[in-house]
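>>> Quick one: sequence and predicted model below, then my questions.
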Amino acid sequence: MSAVEHDGRVVDALRVEHIAKRYGPVRALGDVSLSVRRGEVVGLLGDNGAGKSTLVKIISGFLKPDAGRIVIDGEQVALQSVVHAQSLGINTVYQDLALIDSLPVYRNLFLNRELRRRPLPWLDDRRMAREAERRLDEIGVSIPSVHTPTGQLSGGQRQAIAVARAVGAESRILLLDEPLAAMGAKEGAMILDLIRRIRDRREVAIVMIAHNYAQVLEICDEVKLLQNGSITLDRRAHETSVAELNEVVVEEYRRAREAISRG
Ligand SMILES: Nc1ncnc2c1ncn2[C@@H]1O[C@H](COP(=O)(O)OP(=O)(O)O)[C@@H](O)[C@H]1O
Ligand SMILES: [Mg+2]
């Protein structure tokens, strides 16, 4: 599948335009816009409470924005629910990865989208296992067996399963909310490699929230820094550096300190 084109122009897989969101008195997002194409990764950085997860929850259909538009492949959509967003190919890996440890890997890959032996309602375990093997193989995830209980896998392998689940056949937009947060360096590198392979197939547009600047710069095409619900720094990855990103955050910290000491 190549990028959708109208009049020979590549259309962004996802455009977020002027999104605003409040939780009562708390302004979580002010006026946020971004766009992503297939085969591209946009990195979202920012302090705790900056609004990163709120933005991902809006794109994933979990929250409705107070203002703004979401445009998928050039068409404005009003997302009604997570299921609705999924039906449009928008899939999310959340911070807490929501796998069921007692189920074998292949069942987690098909969680809530189980294959059945139509017209009967029975689960088609054999087909799910076979399909799971094919999918994991395709994106280069190696685990002992798709029949292994998910709880027996390492943290990195479990995260790989969560990512693999989110890039099913119909996936067009992949949202990753801190996929590397609970990982050690080696596992983080493995997940980063997986995300890179998914990117390079150029079928999905990826938005990734992360904390580690070096990791973000390694994989992202664009980096956006969210501060208090607004994008305050917006760079092509090759036009910025760990040092510049650090500088902005140190400055933010300094201002917060001053605000505290002023009382
Ligand atoms: N369900 C909620 N109810 C009230 N306030 C919330 C809720 N979720 C998030 N917030 C607030 O909105 C702001 C943005 O939060 P969030 O999007 O989770 O930020 P991040 O993911 O960047 O840490 C924070 O001030 C947070 O406390
Ligand atoms: Mg968050």
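Arrived safely. Remember, predicted model here, so these are calculated numbers, not experimental data. Ligands and ions are numbered 1, 2, ... in the order given.
>>> in terms of contact, does residue 37 touch residue 13 like I think?
Yes - with contact defined as CB atoms under 8 Å, residue 37 counts as touching residue 13 (5.7 Å). No exception for glycine: its C-beta is placed from N, CA and C like everyone else's.
>>> and the two? which has more neighbours close in?
Neighbours per residue (other CB atoms under 10 Å) separate residue 37 from residue 13, with residue 13 holding more: 25 against 17.
>>> ok, the more buried one to residue 133 distance?
Distance, residue 13 to residue 133, by CB to CB, to the nearest Å: 28 Å.
>>> What of residue 62?
Plainly put, residue 62 is 31 Å away from residue 133 if you go by CB to CB.
>>> Any idea how many residues pack against residue 214?
Quick note: residue 214 (other CB under 10 Å) scores 10 neighbours.
>>> and if you look at residue 98?
Neighbours around residue 98, by other CB under 10 Å: 12.
>>> so where does it fall, helix or strand?
Assigned by DSSP states H and E, residue 98 belongs to neither a helix nor a strand.
>>> Find the nearest non-adjacent residue to it, please.
Spatially, and ignoring its direct neighbours in sequence, residue 98 is nearest to residue 162 (7.4 Å; CB to CB, 6 or more residues apart in numbering).
>>> quick one: residue 27 is in a strand?
Yes - assessed with DSSP: H, G, I helix; E, B strand; the rest coil, residue 27 lies in a strand.
>>> Pull the number of nearby residues for it.
15.
>>> do residue 24 as well
Counted with other CB under 10 Å, residues neighbouring residue 24 total 5.
>>> what about the strands in the stretch 1-150 of the chain?
For the stretch 1-150 of the chain, strands defined by DSSP state E, counting those that start in this stretch occupy the ranges 5-6, 9-10, 14-23, 26-36, 41-45, 67-72, 75-77, 90-93.
>>> Determine which of the ones you listed approaches residue 153 most closely.
strand 90-93 (15.3 Å; CB to CB).
>>> other SSEs contacting the closest one?
helix 155-166, strand 173-177 (3 or more CB pairs under 8 Å, 6 or more residues apart in numbering; DSSP states H and E).
>>> leaving aside the residues next to it on the chain, what's closest to residue 34?
Nearest to residue 34 is residue 16, by CB to CB, 6+ apart, at 5.1 Å.
>>> Show the contacting residues for that neighbour.
Taking CB atoms under 8 Å, 6 or more residues apart in numbering, we find residue 16 in contact with 32-35, 55, 58-59, 68-71.
>>> Could you do residue 12 as well?
By CB under 8 Å, 6+ apart, the contact list for residue 12 reads 35-37, 71, 73-74, 205.
>>> give me the number of residues near residue 117?
Neighbour tally, residue 117, other CB under 10 Å: 12.
>>> To clarify, my last question referred to residue 154.
Neighbour count of residue 154, defined by other CB under 10 Å: 14.
>>> residues from the stretch 1-150 of the chain in reach of ligand 1?
Contact residues (CB under 6 Å from any ligand atom) of the stretch 1-150 of the chain with ligand 1: 23, 26, 28, 46, 48-54.
>>> So which of the contacts of residue 12 is the closest to ligand 1?
Among these, residue 36 lies closest to ligand 1 (CB to the nearest ligand atom), at 18.2 Å.
>>> Find the nearest non-adjacent residue to the residue in the stretch 151-263 of the chain that ligand 1 sits nearest to, please.
Nearest residue of the stretch 151-263 of the chain to ligand 1 (CB to the nearest ligand atom) works out as residue 226 at 6.3 Å. Distances taken as CB to CB, 6+ apart put residue 46 closest to residue 226, at 3.6 Å, once the chain neighbours are dropped.
>>> And the residue nearest to residue 62 when sequence neighbours are not counted, how close does it get to ligand 1?
Setting aside the residues directly before and after it, residue 62 is nearest to residue 82 in space (CB to CB, 6+ apart), at 5.3 Å. From residue 82 across to ligand 1, the span is 15 Å (CB to the nearest ligand atom, to the nearest Å).
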